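Engineer: Provided below for reference: sequence and predicted model.
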Amino acid sequence: MRNITKKIILYLFVLFFVVFVFMTVGWDSENWNGLDDTNDNTFEDKFINRMYFTFVTFSTSGYGDITPKSKTLKLISCVVAFIMIIEMVSLFVK
């Protein structure tokens, strides 16, 4: 049970770190497909949109409703998705 709790805490820490990265690197809604000033104009909107994108990327479901435009954001997204794929595989392979 302790192992699961540690993993959940680690995932939440990594999640919020990645959200922070997306908040700093991709602050402007112009850096994202699917976001514009009408649905991404307050700090709360920006945080929720980037957290949603991060959750979708972490789960590797990739809905595609919000996607990065810049090469930097695309690279960060690919690295995060790759790390989560490796982590999910490592849960089942011992």
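Structural biologist: It's in.
Engineer: going along the chain, name the helices of the protein.
Structural biologist: With helices called from DSSP state H, the chain shows them at 2-25, 43-58, 71-92.
Engineer: buried residues in stretch 31-39?
Structural biologist: 32, 34, 35 (16 or more other Cβ atoms under 10 Å). For the C-beta atoms, the positions are set from N, CA and C on the backbone; glycine is no exception.
Engineer: of these, which belong to strands?
Structural biologist: residue 32 (DSSP state E).
Engineer: residue 64: which of the buried residues of stretch 31-39 is nearest?
Structural biologist: When those are ranked by distance to residue 64 (Cβ to Cβ), residue 34 comes first, at 8.2 Å.
Engineer: correct me if wrong: that closest one contacts residue 66.
Structural biologist: Yes. Assessed by Cβ atoms under 8 Å, residue 34 is found in contact with residue 66 at 4.1 Å.
Engineer: distance-wise, check the spatially most central residue of the chain relative to residue 42.
Structural biologist: Taking Cα atoms, centre = their mean, the centroid of the chain lies closest to residue 54, which sits 1.7 Å from it. According to Cβ to Cβ, to the nearest Å, residue 54 stands 18 Å off from residue 42.
Engineer: before we move on, the earlier item: intersection of neighbour lists for residue 34 and residue 66?
Structural biologist: Listed as contacting both residue 34 and residue 66 by Cβ atoms under 8 Å, 6 or more residues apart in numbering is no residue at all.
Engineer: how many neighbours does the closest residue to residue 46 other than its chain neighbours have?
Structural biologist: Of all residues not flanking residue 46 in the chain, residue 40 sits nearest, at 5.8 Å (Cβ to Cβ, 6 or more residues apart in numbering). For residue 40, the count of nearby residues is 19 (other Cβ atoms under 10 Å).
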